[in-house]
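# heads up, no residue letters with this:
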């Protein structure tokens, strides 16, 4: 068995330079993809006002991207395996850049929403190809561990960076390009255009093309698998919307249709000669456990960003930019953690590193669940008289910062080893689809987690609203009903958010249990490239 020490010396200075620039391109592409999941969030009110988009349709700026991204990931991963990962990577980042430019230039709702969907398509092509290129470009051992660590940093920190950039760019006013006034929200789309074009232009210099297998695309599997995933992601996203919920007929129909199509997809995959998703991908216990854990943990982490960003702005009174900066420690923490862990994975088994990381993240979520909430109507009325709803009672440095840092350190310790184990010893011809499955688990898990936690938050907030509404109405006798209702909803939100954080603690604990029980690979094995003929690999 070849260990890290035997592999690393084979990398010449010239090859090391090539690998370094290859990693820069992969990092830029992954940062671009993850960045766009959150960068437009803070800009939504400004976009709605500028393009006259209704409140109910604003969600599609976020959901449309997530739908296309999550629904097309399996197909994107397989296309890389069949037609060349470098080629699909270049096509993906180019599509993403052009769609981002179109989004920034959008003059109406239809143009913007269409561009977001096309961005999702580009991301679904680029992201699994980028991850597969790490596996096939970097030799097992120190070089590959470092590459996966940087990839994990981009995956984890990108969401926080998106919030910061979104808040900063949205606040820019009186900007002119070529003599034409430009609203700040458009910059959230323009900023990723050069990233995508640079990554596409330099890819041929630093990546070798993989073997191609044209004519082996599983068309029935592609159709049923893609539509099935689209149905699930759409259903979960709609279920998490308070305006629809789990009982909505369209939500139920979408989820049922998605499950039915995926069942048909499974039957097709078991019978065709060249399946879109080879069942052998799941035959390895460690890999299957990695996929399962990577579905649960992003579900909790992405939901943390959603509820905490609302809490910081609506309850603590932070501006969009200040709210984005509040997440800066998360980006710093995950970089520190991933850097340390990239060195530890060659000395300790992934189970111990990822298991410790999930435990830290679970503690952080529990800490968020203890944030201050107004207990009764008197608390709501008292808090409403201050400039910030609970701002005087919630100290960022003692109530939020410690748990943001703990969450970031834990997630850095999770993403690096689990990304390694999820694609380790996958057959060379399956590395694209293996990366696609990993990304799909993260996207579907995030949609599912946000939907479930939104339901938990909505239920808890509604119960609390029923409790405090009479007292608030009495204390504001003679006020407009809309003012009373708005205050009741605002006073109930913290109760819902903390309930969601508490539920997220259990999601993270479940992921931790899977890691401790089923992640059996040894750290020595991660320094090797297994033969493609190994059964179950």
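Structure received. Because the structure is a prediction, the values reported are computed rather than measured. Residues are numbered from 1 along each chain as shown.

# so, low pLDDT: which residues of the stretch 401-537 of the chain?
Within the stretch 401-537 of the chain, the stretches with pLDDT under 70 are 478, 527, 529-537.

# any idea where the helices of it begin and end?
Along the stretch 401-537 of the chain, the stretches classed as helices by DSSP state H, counting those that start in this stretch are 401-423, 431-475, 481-518.

# so which of those helices is the most surrounded?
helix 401-423 (a mean of 26; mean count of other CB atoms under 10 Å). Any C-beta I mention is one placed from the backbone N, CA and C, and that applies to glycine too.

# domain parsing for the chain?
Following automatic domain parsing, one finds the domains of the chain at 1-211, 218-275, 282-521.

# distance to residue 528 added to the ones you listed, as TSV?
Output for the domains of the chain, formatted as TSV (distance: least, CB to CB, whole Å):
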stretch	distance to residue 528
domain 1-211	5
domain 218-275	27
domain 282-521	8
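
# follow-up on the earlier one: residue 101 is nearest to which of the helices of the stretch 401-537 of the chain?
Of all these, it is helix 431-475 that lies closest to residue 101, at 23.8 Å by CB to CB.

# tell me how far the closest one lies from the chain's centre.
Its chain's C-alpha centre lies 15 Å from the corresponding centre of helix 431-475 when counted by CA atoms, centre = their mean, to the nearest Å.

# and the angle from it to helix 481-518?
140 degrees (axes from the mean of the first three to the mean of the last three CA atoms, to 10 degrees).

# tell me what helix 431-475 is packed against?
helix 55-83, helix 85-104, helix 109-137, helix 219-239, helix 285-310, helix 377-384, helix 401-423, helix 481-518 (3 or more CB pairs under 8 Å, 6 or more residues apart in numbering; DSSP states H and E).

# ok, 7 Å please
Applying 3 or more CB pairs under 7 Å, 6 or more residues apart in numbering; DSSP states H and E, we find helix 431-475 packed against helix 55-83, helix 109-137, helix 219-239, helix 285-310, helix 377-384, helix 401-423, helix 481-518.

# what sits against residue 406?
360, 363-364 (CB atoms under 7 Å, 6 or more residues apart in numbering).

# let's see 10 Å
By CB atoms under 10 Å, 6 or more residues apart in numbering, the contact set of residue 406 is 333, 360-365, 367-368.

# ok, residue 289 next?
By CB under 10 Å, 6+ apart, the residues touching residue 289 are 351, 354, 418, 421-422, 511, 514-521.

# of the contacts of residue 406, which is the most crowded?
Within those, neighbour counts (other CB atoms under 10 Å) peak at residue 361, which reaches 31 neighbours.

# now that residue: closest residue in space, sequence neighbours ignored.
Nearest-residue entry for residue 361: residue 410, 3.6 Å, with adjacent residues in sequence omitted and distances by CB to CB, 6 or more residues apart in numbering.

# isn't the one you found right up against residue 333?
Yes: with contact defined as CB atoms under 10 Å, residue 410 and residue 333 form a contacting pair (9.0 Å).

# could you dump the helices and strands packed on helix 431-475 into TSV with distance to residue 159 added?
Listed next are the helices and strands packed on helix 431-475 as TSV, based on distance: least, CB to CB, whole Å:
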stretch	distance to residue 159
helix 55-83	12
helix 109-137	14
helix 219-239	17
helix 285-310	6
helix 377-384	29
helix 401-423	10
helix 481-518	15
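
# ok, which of those helices comes nearest residue 466?
Closest to residue 466 of those is helix 481-518 (CB to CB; 8.9 Å).

# what angle sits between that closest one and helix 285-310?
Angle, helix 481-518 to helix 285-310, by the same axes, to 10 degrees: 160 degrees.

# what packs against helix 481-518?
Packing partners of helix 481-518 (3 or more CB pairs under 10 Å, 6 or more residues apart in numbering; DSSP states H and E): helix 285-310, helix 350-368, helix 377-384, helix 401-423, helix 431-475.

# so residue 356 makes contact with residue 412?
No: the criterion here is CB under 10 Å, and residue 356 misses it with residue 412 at 11.2 Å.

# need the overlap of contacts for those two.
Taking CB under 10 Å, 6+ apart as the contact rule, residue 356 and residue 412 both touch residue 341.
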